[in-house]
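> Need a 3D model of the sequence below.
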Amino acid sequence: MSTSTMDPALLAVLANRFDAIVREMTNTLLRTGRSTVMSVARDFSCAIVTADDQLLSSAEALPVHVFGTHLQTAAMRRMHPGFTEGDAYLDNDPYIGNTHHADHTILVPVFIDGVHVFTAAAKAHQADTGNSIPSTYHPLAKDIYEEGALCFSMTQIQRDYTDIEDVIRMCRRRIRVPDQWYGDYLAMLGAARIAERRLKQAAERYGVDTLREFVGEWLDYSERRMRAAIAKLPAATVEGEGAHDPFGPLTEGVPVKIKVTVDPDEETVEVDLRDNIDCVPAGINQSEACAINNAITGVLNVVGSGVPVNSGTFRRITVQLRENCVVGIPEHPTCCSMATTNLADRIINITQHAFSELGDGYGLAQGGAVTGAGFSVVAGHDPRTGGGYINQLIVGTNGGPATPRTDGWVTYNAPCGAGLVYRDSIELNELKYPVLFDHLRIATDSGGAGRRRGAVSTTVEFGPRHAPMSAAFNIDGHERPARGARGGGDGSLGVAYLIGADGTRTRTDPMAQIELRPGDRLYGEHGGGGGYGPPTEREPERVLHDYLEGYISREAAEDVYGVVFTGDPADDTLAVDEEATRSRRAA
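Okay, the predicted model is just below:
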């Protein structure tokens, strides 16, 4: 591998320049998106891809969204070989490189001096894509036809910077709240066009030849960083196993096997997903993009920070897939409605957890992955406006995994989002939609115990304000929680209950679309993250802090962590009884 010939200062300047362009795309989407799932929760990603389909810059994009973007740009070039300046394409086809139908992607080819040099990509999760049910997730759909979503297979949506109205009308006819969709479409398009302008300006300042040189140098530099990170790992082949919980027709769940081979001499990592069952007649099958995304995410979570996220880094990771595999390459008309959640999170968790078999100090625990009540897609009629509404809530959070060095991240959200999806604003949701929240709280003792503690999760309760409302959610982790590593404890399970107006509580199916009448409430518990290392090795002062913060109970402090307190928190005299703690831990 050759070393860089570009001036290091210029390399750093241009790397930050490209990231700044992606961040401006991100700010454009965040400030102009119509739905709260975009404008508040930030469930979208932006990226710049080279003309030869290499991911160059993604800044703070969601891993599940962006690592497969190069598959989409390759499809654009293959399916529209005559594309020109001013074109834009809408793609949400999971069979040619997209994640799932809910993620609409706008791709804009960027021309400089008449030559295609980059492609700007803006991908955003939609509240509705025309599914047969009012949700972008359909766990029980046997195939794409039962799913019902509009599928835009790299469809041209602009020519000469002008909308192709046929496509716009199609979306308006099939999507339940068309004005919301159109507002989000304009936000995505604006983000991609912003990138187009900024990339042209960068070429004017530095010259297109310098930008091309930078691309090669930056990707090579990124590869060297990844090689150095892999070289620090021990040589090994480790296998991880887990399973998606049972639901609907899949009464045994879906087992997942992953084999990871680390070769520090060759400085490569291979993740093999081929030894898994065929696609299932349900919506949880992985698309090819998601299978690649999630395996890479599990690896990058382990190698640590400082490695750029781009195609140069990906050169050192091989993901082995097979066709018609539930975690591989689906064949049309297999349903991939939920490809970005559920099994996606299982792949990430099992991959990063497998590395913990290399020894203490390696790998991670598993993160909470319950797509529960706080992530419901809510829909109904709003008496205030006289129209319909639909939106995905992201108000709950699952606990992040403990690492060998740090506790889990409380606002982690879910493995596939890696903490980059924002928690929704309860207040803005109540203003924009006819929904009323009772509470959102930390769930004490929900994080897996350990030398480093898994993050706690949350509980949430909400219902309709004026008129009936549907809520669709898809819980995985109601039987098999996030696993701890190296002696750490597991995180909490996920569950949802329907609370009637009379106060009766009925546990719901893990994957359900329920109808809530005024006075009803949906209550949900999300999943906590797994712990890392034996709990009795946790510093007593940290245990005291966890208790005072409400992360753990006093019983857990004594019975699980072996830490005894003295004094009273009411008069601020609570402290660790060091002698009693040593005795309890010794016992």
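
> Test my guess that residue 199 contacts residue 20.
No. With contact defined as C-beta atoms under 8 Å, residue 199 does not count as touching residue 20 (11.4 Å). Every C-beta, even on glycine, is put in place using the N, C-alpha and C of the backbone.

> Among those two, which residue is more densely surrounded?
residue 199 (24 against 14; other C-beta atoms under 10 Å).

> Can you point out the buried residues in stretch 185-192?
Using 16 or more other C-beta atoms under 10 Å as the test for burial, stretch 185-192 gives 185, 187-192.

> mind saving the C-alpha coords of that stretch as PDB?
Extracted in PDB, the C-alpha atoms of stretch 185-192 (Å, rounded to 0.1, in the frame of the first residue of the first chain):
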ATOM      1  CA  TYR A 185     -39.400  14.900  -0.800                       C
ATOM      2  CA  LEU A 186     -38.500  18.600  -1.300                       C
ATOM      3  CA  ALA A 187     -36.300  18.500   1.800                       C
ATOM      4  CA  MET A 188     -34.400  15.500   0.400                       C
ATOM      5  CA  LEU A 189     -34.100  17.000  -3.000                       C
ATOM      6  CA  GLY A 190     -32.900  20.300  -1.600                       C
ATOM      7  CA  ALA A 191     -30.200  18.500   0.400                       C
ATOM      8  CA  ALA A 192     -28.900  16.700  -2.700                       C
END
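
> could the buried residues of stretch 185-192 go into a markdown table alongside secondary structure, pLDDT and distance to residue 67?
Formatted as a markdown table, the buried residues of stretch 185-192 follow (DSSP: H, G, I helix; E, B strand; the rest coil; pLDDT from 0 to 100; distance: C-beta to C-beta, whole Å):
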| residue | secondary structure | pLDDT | distance to residue 67 |
| --- | --- | --- | --- |
| 185 | helix | 97 | 24 |
| 187 | helix | 97 | 23 |
| 188 | helix | 98 | 19 |
| 189 | helix | 98 | 23 |
| 190 | helix | 98 | 24 |
| 191 | helix | 98 | 19 |
| 192 | helix | 98 | 19 |
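
> which one of those is nearest residue 79?
If you rank those by distance to residue 79 using C-beta to C-beta, residue 192 comes first, at 17.9 Å.

> can you pull the contacts of the closest one?
25, 88, 106-108, 120-122 (C-beta atoms under 8 Å, 6 or more residues apart in numbering).

> got it, and residue 80?
87, 89, 154, 156.

> if we go to 10 Å?
Residue 80 makes contacts with 87, 89, 107, 109, 154-156, as judged by C-beta atoms under 10 Å, 6 or more residues apart in numbering.

> just checking, which of these belong to helices?
Using DSSP state H to define helices, no part of the contacts of residue 80 is located there.

> now, which of those sits nearest residue 55?
Of these, the one sitting nearest to residue 55 (C-beta to C-beta) turns out to be residue 107, at 13.0 Å.

> so that closest one sits right up against residue 92, yeah?
No. Here residue 107 does not reach residue 92: they are 11.2 Å apart, not a contact under C-beta atoms under 10 Å.

> Touching both of those two, which residues are there?
With C-beta under 10 Å, 6+ apart as the test, residue 107 and residue 92 both reach 72, 123, 154.

> Sort out which one of these lies nearest residue 494 for me.
residue 123 (26.6 Å).

> Leaving out sequence neighbours, find the closest residue to that closest one.
residue 105 (4.2 Å; C-beta to C-beta, 6 or more residues apart in numbering).

> I'd say the one you found and residue 93 touch.
Yes. Assessed by C-beta under 10 Å, residue 105 is found in contact with residue 93 at 9.4 Å.
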